[in-house]
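Undergrad: predicted model follows, preceded by the sequence.
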Amino acid sequence: MGTVLVTGATGTLGREVVRLLVARGVAVRGLSRRARAGGDGVEWVVGDLVSGAGIAEAMAGVEVVVDCATTQKKEDLAGVRTLVARAREAGVRHLVYVSIVGIDRVPIAYYNTKLACERVVRESGLGWTVLRATQFHDLVLRFFDASVRLPVFPVLSGTACQPVDVREVAAAVADLVGEEPAGFSPEVGGPQVRSYRELAEAYLRAAGRRRLLLTLRVPGAAGRGFRAGGNLTPDRAVGRGTFEEALERRFGGR
């Protein structure tokens, strides 16, 4: 296999993908917005997908691109357009794009952007694979870390989550790198569908914190999508790492 370029290589998912690929003996080039020292088996290059700076150079000699990058804003769409254009010019064989379960069923702004990014990938003319995953444990923990700082702890009514261990998603992504373009790959979901309240209560117990839970109802079409389980993939509950295990790693036996 030729060189694999990983965008978002220093992010939550990207660094796990990079670690796995290096361990498998793959030649990995990691894209970062800032210069990084080597010595970890990765060829680090500097580039910015939104501005396009450095992307053509980063693509030189690349066979496969794994796109783990996100700004969590509308700028993601410009970034994917730049990535696709430079990948076509470089003759990239396979573009693996990591997306989110339910972006076509829950109309929130970020999901709408991710759906538009998927469309760019599908229409790119490149060999492509899209892998959708449910929310990482890390993301749910970040929400709860912010919520616990408030006088009351907001919980979303009628809403469930299916959090997944990022390492399991990274393993699925790394597997795709060695395969032929497959279009939409089977989704990756966490092992359990849990109510938002149940996860919040588990977090507070593990953190040793007490908070009054304030029930909030997400309004509009987005709320209807969440309450209908649009963000879930129960038929693809292939993950094994549980939220309690993530809490144990975070808080130990506190």
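TA: Sure, I can see it.
Undergrad: now do the helices in the protein.
TA: For the chain, applying DSSP state H gives helices covering 12-23, 55-58, 75-90, 109-122, 137-147, 166-177, 196-207, 220-227, 243-251.
Undergrad: would you convert these into TSV that also reports mean neighbour count and mean pLDDT?
TA: In this view, the C-beta of every residue, glycine as well, is placed from N, C-alpha and C. Shown next, in TSV, are the helices of the chain (neighbours: other Cβ atoms under 10 Å; pLDDT from 0 to 100):
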stretch	mean neighbour count	mean pLDDT
helix 12-23	21	96
helix 55-58	19	96
helix 75-90	20	96
helix 109-122	18	97
helix 137-147	17	97
helix 166-177	21	98
helix 196-207	18	97
helix 220-227	16	97
helix 243-251	17	96
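Undergrad: mind checking which of these is nearest Asp235?
TA: Among the helices of the chain, the nearest to Asp235 by Cβ to Cβ is helix 166-177 (15.8 Å).
Undergrad: in stretch 126-139, what's buried?
TA: Counting neighbours by 16 or more other Cβ atoms under 10 Å, one finds that the buried residues in stretch 126-139 are Leu126, Trp128, Thr129, Val130, Leu131, Arg132, Ala133, Thr134, Gln135, Phe136, His137.
Undergrad: which ones among the residues you listed map onto strands?
TA: Among the buried residues of stretch 126-139, DSSP state E puts Trp128, Thr129, Val130, Leu131, Arg132, Ala133 in strands.
Undergrad: test my guess that Val148 contacts Ala207.
TA: Yes: checked against Cβ atoms under 8 Å, the pair Val148 and Ala207 is within contact range at 6.6 Å.
Undergrad: residues shared between the contacts of those two?
TA: Residues touching both Val148 and Ala207 (Cβ atoms under 8 Å, 6 or more residues apart in numbering): none.
Undergrad: quick one, what contacts the nearest residue to Arg122 once chain neighbours are set aside?
TA: Nearest non-adjacent residue to Arg122, counting by Cβ to Cβ, 6 or more residues apart in numbering: Trp128, 6.5 Å away. Counting by Cβ under 8 Å, 6+ apart, Trp128 touches His94, Leu95, Val96, Tyr97, Val121, Arg122, Pro181, Gly183.
Undergrad: surely Arg86 and Ala53 touch.
TA: No: Arg86 lies out of contact with Ala53 (Cβ under 8 Å); the separation is 11.2 Å.
Undergrad: quick one: end-to-end distance for stretch 226-235.
TA: By Cα to Cα, to the nearest Å, the extent of stretch 226-235 from end to end equals 17 Å.
Undergrad: show me which residues of that stretch are buried.
TA: Those buried within stretch 226-235 under the rule 16+ other Cβ under 10 Å are Phe226, Arg227, Gly229, Gly230, Asn231, Leu232, Thr233.
Undergrad: in CSV, list the helices of the chain along with distance to Glu43.
TA: Formatted as CSV, the helices of the chain follow (distance: least, Cβ to Cβ, whole Å):
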stretch, distance to Glu43
helix 12-23, 10
helix 55-58, 10
helix 75-90, 15
helix 109-122, 24
helix 137-147, 26
helix 166-177, 16
helix 196-207, 39
helix 220-227, 41
helix 243-251, 30
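Undergrad: which stretch among these comes nearest Cys68?
TA: With Cβ to Cβ as the criterion, Cys68 lies closest to helix 12-23 of the helices of the chain, at 3.9 Å.
Undergrad: may I have the closest one as CSV, with CA atoms only?
TA: Taking C-alpha atoms only, helix 12-23 is exported to CSV below (Å, rounded to 0.1, in the frame of the first residue of the first chain):
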residue,chain,number,x,y,z
THR,A,12,-10.0,12.5,18.9
LEU,A,13,-10.5,10.0,16.1
GLY,A,14,-7.6,11.0,13.8
ARG,A,15,-4.9,10.3,16.4
GLU,A,16,-6.4,6.8,17.0
VAL,A,17,-6.5,6.1,13.3
VAL,A,18,-2.9,7.2,12.9
ARG,A,19,-1.8,5.0,15.8
LEU,A,20,-3.4,1.9,14.4
LEU,A,21,-2.1,2.5,10.9
VAL,A,22,1.4,3.0,12.1
ALA,A,23,1.2,-0.2,14.2
